[in-house]
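K.L.:
What follows is a predicted protein model with its sequence.
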Amino acid sequence: MTEPERERERERGPPRFTVGYALAPKKQNSFIRDSLVNLARSRGIDLVKIDPTRALADQGPFHCVLHKLYGPEWKEQLVEFRLRNPNAVIIDSPDAIERLHNRISMLQVVSELEIEPRSLTFGIPKQIVIYDKETLFDQQSWVALKFPVIAKPLVADGSAKSHKMALVYNHDGLKELKPPIVLQEFVNHGGVIFKVYVVGSHVQCVKRKSLPDVSASSSSSTSGDAAVLPFSQVSNIATDEKAEEKYYEMMDMDDTKMPPQEFIEGIANGLRGALKLNLFNFDVIRDARFAERYFIIDINYFPGYAKMPCYETVLTNFFWDLLNNCSKLNSFDKEVSNTCCGDGDRKREREDKENSIHV
Ligand SMILES: O=P(O)(O)O[C@@H]1[C@@H](OP(=O)(O)O)[C@H](OP(=O)(O)O)[C@H](O)[C@H](OP(=O)(O)O)[C@H]1OP(=O)(O)O
Ligand SMILES: Nc1ncnc2c1ncn2[C@@H]1O[C@H](COP(=O)(O)OP(=O)(O)O)[C@@H](O)[C@H]1O
Ligand SMILES: [Mg+2]
Ligand SMILES: [Mg+2]
């Protein structure tokens, strides 16, 4: 760069970026808080709402589009936007997100991962998919499964219906289920679930309450108790503080040891690469019988990040990394200058970007 060019750049000041967001109203309320908007703004990133009633390609300009909306029309909008703005970043690709909308394809990738240390194991609980009532009533279809099982709607599209689960203690309980469903073996895990939030290369694990363990006797069809227990979003239920305190005491929540960070990061990075996603979380449980055995039971796109400690900083850093030092973006906005960062950061940014753009 010549001296006059450097001078012009100094005069222009640091580059500014615009991130457009397209979110359902509930998500917008929980995620787009003043604390996030102000922190991002102070780092040169403006968060701007995308108007869902107007064509996306007519809005902007956006250096980056952040979204959690579904359906063919929205996908079309993204394709059109991409054609008109080939250097803008779309977080994340709708095809990659769609894989998480089916509870079978969602977890398929887990079995393909190879993670150190090998002293700990991870996988998914034994599960089958049932598409119709006939198969549900055919003993042969679930003979390989051990009760209790959790029945989950096959579709995980964010609707209230897609979170309606049932804990089924014995085969009598199967009668009440409505396929298409996934029947997954229930794993006793001490009533505590680990939620692992992933934001690009940032990985953060938190503890949440989960379903309590089930005793062997409650699974017998002669116990006289109900054969099925419906529930929904158990780790998300807002209880009053007192009840919450009692629950935590009862479940020894404070005493529950976190899984090793290195292990969790290995899984998170493996999933990030295989799923080609930047923004997701996954639910992990630890087998109550074998403490070295972990199961991944759920993966969610763009989860409730506002519940993650320091979410404003984590998300702002992610946007910043993505928007700065990126040659593709530099050509989208010719005004942007090159900014330095370490090699590790560069590698991280490259990975984050590889996971984004393609629509
Ligand atoms: O509503 P929140 O903030 O609790 O976030 C929900 C997530 O809670 P979590 O962060 O895992 O505790 C929630 O996670 P779970 O499925 O409950 O494990 C989902 O990601 C949910 O999105 P969707 O309904 O599946 O599209 C998320 O809902 P949306 O905010 O995306 O509607
Ligand atoms: N295989 C399982 N064994 C034990 N508990 C489970 C299992 N699967 C799900 N759960 C419990 O049910 C809750 C909801 O299941 P999940 O698959 O995470 O659905 P959702 O997408 O609605 O969060 C989990 O947070 C956990 O408490
Ligand atoms: Mg879950
Ligand atoms: Mg989920």
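P.N.:
Cool, the structure landed. Ligands and ions are numbered 1, 2, ... in the order given.
K.L.:
so where do the strands sit in this structure?
P.N.:
Under the criterion DSSP state E, strands of the chain are mapped to 17-23, 45-49, 64-68, 89-91, 121-123, 127-130, 149-153, 164-168, 181-185, 192-199, 202-209, 228-232, 279-286, 293-301.
K.L.:
and of those, who's closest to Asp254?
P.N.:
strand 202-209 (8.7 Å; Cβ to Cβ). The C-beta positions use only the backbone N, C-alpha and C, and glycine is treated the same way.
K.L.:
what about that closest one, near ligand 3?
P.N.:
No: Strand 202-209 lies out of reach of ligand 3 by Cβ under 5 Å from the ion, never closer than 9.2 Å.
K.L.:
list the buried ones in that strand?
P.N.:
By 16 or more other Cβ atoms under 10 Å, the buried positions in strand 202-209 come out as 202-205, 207, 209.
K.L.:
do the same with stretch 96-112
P.N.:
96-97, 99-103, 106-107, 109-110.
K.L.:
okay, those residues in TSV with pLDDT and distance to ligand 3 next?
P.N.:
Formatted as TSV, the buried residues of stretch 96-112 follow (pLDDT from 0 to 100; distance: Cβ to the ion, whole Å):
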residue	pLDDT	distance to ligand 3
Ala96	97	19
Ile97	97	16
Arg99	97	16
Leu100	98	11
His101	98	14
Asn102	98	15
Arg103	98	10
Met106	98	11
Leu107	98	12
Val109	95	16
Val110	96	14
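K.L.:
and the residues you listed as CSV, adding distance to ligand 1?
P.N.:
Output for the buried residues of stretch 96-112, formatted as CSV (distance: Cβ to the nearest ligand atom, whole Å):
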residue, distance to ligand 1
Ala96, 15
Ile97, 10
Arg99, 14
Leu100, 8
His101, 9
Asn102, 12
Arg103, 11
Met106, 11
Leu107, 13
Val109, 17
Val110, 15
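K.L.:
got the residues of the stretch 51-200 of the chain near ligand 2?
P.N.:
Applying Cβ under 6 Å from any ligand atom, we find that the stretch 51-200 of the chain lies next to ligand 2 at 125, 150, 152, 156, 163, 165, 184, 186-187, 189, 193.
K.L.:
before we move on, the earlier item: where among the strands of the chain is average confidence lowest?
P.N.:
Note on these: strand 228-232 shows the lowest mean pLDDT, a mean of 91.
K.L.:
quick one: that strand to strand 164-168, angle?
P.N.:
If you take axes from the mean of the first three to the mean of the last three Cα atoms, to 10 degrees, strand 228-232 sits at 150 degrees to strand 164-168.
K.L.:
Strand 228-232 near ligand 4 at all?
P.N.:
No: using Cβ under 5 Å from the ion, strand 228-232 never reaches ligand 4; the gap is at least 10.9 Å.
K.L.:
Next, count neighbours for the residue nearest to His67 when sequence neighbours are not counted.
P.N.:
With sequence-adjacent residues excluded and distances taken as Cβ to Cβ, 6 or more residues apart in numbering, His67 is closest to Ala22, at 4.2 Å. By the measure other Cβ atoms under 10 Å, the count of residues near Ala22 is 20.
K.L.:
so Ala22 touches Tyr70, yeah?
P.N.:
No: taking Cβ atoms under 8 Å as the definition, Ala22 is not a contact partner of Tyr70, at 10.8 Å.
K.L.:
coming back round to it: now, which of the buried residues of strand 202-209 sits nearest ligand 2?
P.N.:
Proximity of the buried residues of strand 202-209 to ligand 2 (Cβ to the nearest ligand atom) peaks at Lys209, which lies at 7.9 Å.
K.L.:
out of the buried residues of strand 202-209, who's nearest Val143?
P.N.:
Using Cβ to Cβ, these come closest to Val143 at Lys209, 32.7 Å.
K.L.:
do you know how far that closest one is from ligand 4?
P.N.:
Applying Cβ to the ion, to the nearest Å, the value for Lys209 to ligand 4 is 16 Å.
K.L.:
Tell me the bridge partners for Val284.
P.N.:
Beta-bridge pairing for Val284 (DSSP bridges): Phe194, Ile296.
K.L.:
could you check the distance from Ser201 over to Phe263?
P.N.:
Per Cβ to Cβ, to the nearest Å, Ser201 is found 16 Å from Phe263.
K.L.:
Next up, the contacts around the closest residue to Val89 other than its chain neighbours.
P.N.:
Excluding the flanking residues, the one nearest Val89 by Cβ to Cβ, 6+ apart is Cys64, at 4.4 Å. Cys64 makes contacts with 17-20, 88-91, 319, 322-323, as judged by Cβ atoms under 8 Å, 6 or more residues apart in numbering.
K.L.:
same thing with Ile45?
P.N.:
So Ile45 contacts 16-19, 316, 319-320, 323 (Cβ under 8 Å, 6+ apart).
K.L.:
next one: Ile124
P.N.:
107, 110-111, 184, 295-297.
K.L.:
How about Asp51?
P.N.:
Neighbouring residues of Asp51 by Cβ under 8 Å, 6+ apart: Gln59.
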